[in-house]
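S.K.: Need a 3D model of the sequence below.
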Amino acid sequence: MLDLDLSSFDVLVVDDEQDNLDAFRFTFRRSFRLNYARGGVEALEMLDRIDPAVILSDQRMPGMAGIDFLERAKQRRPDAFGILLTAYADIQVLVDAVNSGAVDRYIQKPWNSKELTAIIRQGIQVFSTKRENRRLREQLALYRGYLEREQRDPIDFGELVGDSRALQQVTTSIAEVASTSTHVLIEGEQGSEKDVVARAIHVGSSREEQPFVRVTCAAFRGEALERELFGWRRGAFEGAFGDRAGRLELAHGGTIYLDEPWPLTSSLQARLLRFLSDGQLERIGATDTLRVDVRVVLAVTTSFSETWGRGEVLPELVTRLSVFPIRLPPLRERPGDIPMLAEHFLRKYARRNARAATSLSEEAIAKLKAYAWPGNARELENVIERAAILSRGDVIQPEHLAYTPRPPLLAPSPLVETDTASPVSASVPPPSSISGKGGPASNLSASLEEYERQELLTAMARCNGNKAEVARYLGVQRTTLYYRLKRLGIDG
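M.R.: Here you go, the predicted structure:
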């Protein structure tokens, strides 16, 4: 038997005679967490409040017989282990009850305390196994769907390219933390390889064969991120048409990568703090607690002090999430890595396109090293892919390298070539001059979103939550429907 805490599971005892209930209380109160009901009607009402692992019921009760009660109880709590207590050996009735699935075991009175203890323990074991199997099946199904939606590139999985001292310090930090279960904070600019570092930590750990779940937090507004991470019970909020596991459950045994989870609502902070403290979580709208083993890898683009120093995040949560910070240096601080990284991206693109360029000229490499790369590795990858198309030959030349113009948010770096970046026109008025916070444009946008949300909720209710039917009813592609549901925080 698995090492289970028997006192953490509810056992419901149903009997119309108080003396029998008192006998149960005296015999088993130290071994199990007992709940009592005087008859089937009262017990069915209790099933709305508790989730028992084992239900023991007397057979002869006024108003509702034990077998009838267990049949109805199984409809509400199908995982519960049903035990029927009877003083009458009506074999055919008992056989029919067992075959129907309403009764898992039956015991003749007077019962033996040792025998009944063993049977209750067995019932808890069966209940726990059913729940664990259901959770694993749900996790597998959700992870399969997650993999179908997520675009994963095996070439870059856990691979860091470069041999500069700055990057060597990063790889050393990865090696130090990967073998532990410590949560990790990755700091780096936009376009840097924060996701690659997160995958490298996962691949280098004992969790490699377990799920790696990435959450692009900017895709979820307000309370939607909390729902996505922790899941929900049916009816927990408007639009929750069914139970759903959150991404944290989906990542059980593995790693969850949270990309820029800002801002954090107060409720989400409290839930995260509890999860990081003891590994326990509750789905939104649920009362039962789940224990989940997940390493959290958090990515931020601004400096750590700027992100957290505004006092909007609980200090204890800051401490929990910043146990092991890793700073990823921008590409301009390691120009020696640029040629290796460029060749890596070129090989990657060549594998996908047979007629692509396969090398870079020395002049092209010099031009790459002279650029400041405000978009870091992601910008470099885009430039190389574009150059491979424009070259129409085996070798990329300097004229094939075209950089994307960017607005001068900061003073230009001395490394930036003046002939490779063009200024952005300043003729467009700033957003504040168009509509201030809470102005007409903002109110119109909010009103349109709320109207769209209500229309989607009405369609979901009309189609009983069947998204394929909703898409047909609204006359939209299913992928478009999924995007709108997720954007508006509806069960998607």
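S.K.: Please make it C-alpha for all contacts and neighbour counts, starting now.
M.R.: Noted.
S.K.: now the strands: where do they sit in the stretch 51-200 of the chain?
M.R.: 54-58, 81-86, 105-108, 184-187 (DSSP state E, counting those that start in this stretch).
S.K.: okay, the ones you listed in CSV with mean pLDDT next?
M.R.: Shown next, in CSV, are the strands of the stretch 51-200 of the chain (pLDDT from 0 to 100):
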stretch, mean pLDDT
strand 54-58, 94
strand 81-86, 90
strand 105-108, 85
strand 184-187, 94
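S.K.: okay, these, which one's buried deepest?
M.R.: Highest mean neighbour count of these: strand 54-58, a mean of 26 (counted as mean count of other C-alpha atoms under 10 Å).
S.K.: Can you give me the domain assignment for the protein?
M.R.: 6-129, 165-329, 332-400, 438-487 (automatic domain parsing).
S.K.: Quick one: end-to-end distance for the second one.
M.R.: I take that to be domain 165-329. Terminal residues of domain 165-329 are spaced 10 Å apart (C-alpha to C-alpha, to the nearest Å).
S.K.: And for stretch 226-246?
M.R.: Stretch 226-246: ends 9 Å apart by C-alpha to C-alpha.
S.K.: Quick check: buried residues in that stretch?
M.R.: Buried residues in stretch 226-246, counted by 16 or more other C-alpha atoms under 10 Å: 226-234, 239-241, 243-246.
S.K.: packing partners for the strand or helix carrying L225?
M.R.: For L225, the host element (DSSP states H and E) is helix 224-230. Using 3 or more C-alpha pairs under 8 Å, 6 or more residues apart in numbering; DSSP states H and E, the elements in contact with helix 224-230 are helix 247-250.
S.K.: before we move on, the earlier item: hmm, who's touching the helix holding L225?
M.R.: 217, 245-249, 267-268, 281-284, 486, 488-490 (C-alpha atoms under 8 Å, 6 or more residues apart in numbering).
S.K.: I284 is in contact with A236, correct?
M.R.: Yes: at 6.3 Å, A236 counts as touching I284 under the criterion of C-alpha atoms under 8 Å.
S.K.: Any idea which helix or strand in the protein has the lowest mean pLDDT?
M.R.: Least confident helix or strand of the chain, by mean pLDDT, DSSP states H and E, is helix 431-434 with a mean of 38.
S.K.: show me what contacts the residue nearest the centre of the chain?
M.R.: With distances taken as C-alpha atoms, centre = their mean, the chain has R247 as the residue nearest its mean C-alpha position (1.2 Å). Contact analysis of R247 by C-alpha under 8 Å, 6+ apart lists 213, 215, 228-231, 256.
S.K.: From those residues, pick the one nearest P325.
M.R.: I256 (16.0 Å; C-alpha to C-alpha).
S.K.: Report the secondary structure state of the closest one.
M.R.: At I256 the chain is in strand, as set by DSSP: H, G, I helix; E, B strand; the rest coil.
S.K.: So what's the gap between the strand or helix carrying R320 and the chain middle?
M.R.: Using DSSP H and E, R320 sits within helix 315-321. Centre-to-centre, helix 315-321 and its host chain are 20 Å apart (C-alpha atoms, centre = their mean, to the nearest Å).
S.K.: name the helices or strands packed onto it?
M.R.: Against helix 315-321 (3+ C-alpha pairs under 8 Å, 6+ apart) you get helix 266-278.
S.K.: what is the mean pLDDT for the helix it packs on?
M.R.: When pLDDT is averaged over helix 266-278, the result is 92.
S.K.: do stretch 60-72 as well
M.R.: Per-residue scores along stretch 60-72 average to 90.
S.K.: just stretch 356-363 next, same as before
M.R.: Mean per-residue pLDDT for stretch 356-363: 87.
S.K.: ok, now which ones touch L457?
M.R.: Residues near L457 by C-alpha under 8 Å, 6+ apart: 238-239, 490.
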